[in-house]
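Asks: here is my input, please return the structure:
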Amino acid sequence: MTTRVLVVDDHPVVRQGVALMLGGHDGIVVAGTAATADEAVAAVESQAPDVVLMDLSMPGRGGASATAEIASRWPEVAVVVLTSFSDADRIVDALDAGAAGYLLKDSEPDEIVSAVRAAARGEAPLHPKAARVALDRRSAPAQADGLTERERDVLLLVVRGLTNGQIARRLGISERTVKGHLTNVFARLGVSDRTSAALWAQQHLVAPT
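Replies: Below you'll find the predicted structure:
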């Protein structure tokens with residue numbers, strides 16, 4: 001499986017450096033780069049990446065705004081924030097905008113590569129501080145109310161042990177759409193994998209019989 005990645009950062013050295021680093025790994029192709037939020041949205045439309053590495057602070061509108069637009073228009077595309085900001089407000093804003101993951105720029109290269117691959121699988125790679133903030137700021141009842149009806153359907157089928165392909169066939173949607181729904185679910189619940197999401201659902205949702 002090849003993962004197409006779009007790298008978004010207004011600093012050329014960072015943008016080119018991350019793109020070069022990612023391009024050296026098997027199974028990862030850099031679909032393009034962008035220096036602004038508007039360029040990022042246009043590149044998603046034209047290049048169809050699987051994962052977007054998104055900076056937050058850029059000229060014009062910021063990365064959170066671009067993340068929200070991408071999440072709305074292309075829910076199958078996973079946006080992973082890559083930023084130097086670790087304050088709680090920025091983290092929550094990014095996750096609320098629809099980011100699938102949140103990393104800091106002092107992460108090791110291998111951590112970034114692993115996060116890209118995890119996001120492509122529909123997981124939610126979160127820096128430990130981002131994970132703590134997500135859990136602290138998002139109570140379980142609020143998360144239950146925040147899930148869409150289709151996200152609940154997908155999550156309940158995960159509880160029953162169905163694969164993405166089986167879920168897609170059961171609901172009459174594509175596997176990429178299932179992956180997009182799971183990315184949103186993971187971000188909302190502050191978890192990073194199917195097992196954790198299923199455990200949460202068993203506690204807070206009633207699975208269908």
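
Asks: element containing the nearest residue to residue 121 once chain neighbours are set aside, please.
Replies: Of all residues not flanking residue 121 in the chain, residue 179 sits nearest, at 7.8 Å (Cβ to Cβ, 6 or more residues apart in numbering). (C-beta placed from N, C-alpha, C; glycine too.) In the assignment (DSSP states H and E), residue 179 maps to helix 175-189.

Asks: now do the following helix or strand past that helix and helix 175-189, the angle between them.
Replies: The helix or strand immediately downstream of helix 175-189 is helix 194-204, counting by DSSP H and E. Interaxial angle, helix 194-204 versus helix 175-189 (axes from the mean of the first three to the mean of the last three Cα atoms, to 10 degrees): 60 degrees.

Asks: which elements pack onto helix 194-204?
Replies: Other elements packing on helix 194-204 under the criterion 3 or more Cβ pairs under 8 Å, 6 or more residues apart in numbering; DSSP states H and E are helix 140-146, helix 149-159, helix 175-189.

Asks: ok, 6 Å please
Replies: Using 3 or more Cβ pairs under 6 Å, 6 or more residues apart in numbering; DSSP states H and E as the contact test, the elements touching helix 194-204 are helix 149-159, helix 175-189.

Asks: contacting residues around stretch 16-35?
Replies: 2-8, 10, 15, 40, 43, 47, 49, 109, 113 (Cβ atoms under 6 Å, 6 or more residues apart in numbering).

Asks: closest to residue 175 among those residues?
Replies: Comparing the contacts of stretch 16-35 against residue 175 with Cβ to Cβ places residue 3 closest, at 14.5 Å.

Asks: wait, that closest one sits on residue 121?
Replies: No - if you go by Cβ atoms under 6 Å, residue 3 and residue 121 don't touch, sitting 9.1 Å apart.

Asks: which outside residues touch stretch 159-169?
Replies: For stretch 159-169, the surrounding residues in contact (Cβ under 6 Å, 6+ apart) are 154, 157, 174, 175, 178, 198, 201, 207.

Asks: mind redoing it with 7 Å?
Replies: Contact partners of stretch 159-169, identified using Cβ atoms under 7 Å, 6 or more residues apart in numbering, comprise 122, 154, 157, 170, 174, 175, 178, 179, 198, 201, 202, 207.

Asks: before we move on, what about stretch 55-65?
Replies: 8-10, 36-38, 54, 81-83, 85, 90, 93-94, 97.

Asks: what about residue 101, how many neighbours?
Replies: Neighbours of residue 101 under the rule other Cβ atoms under 10 Å: 29.
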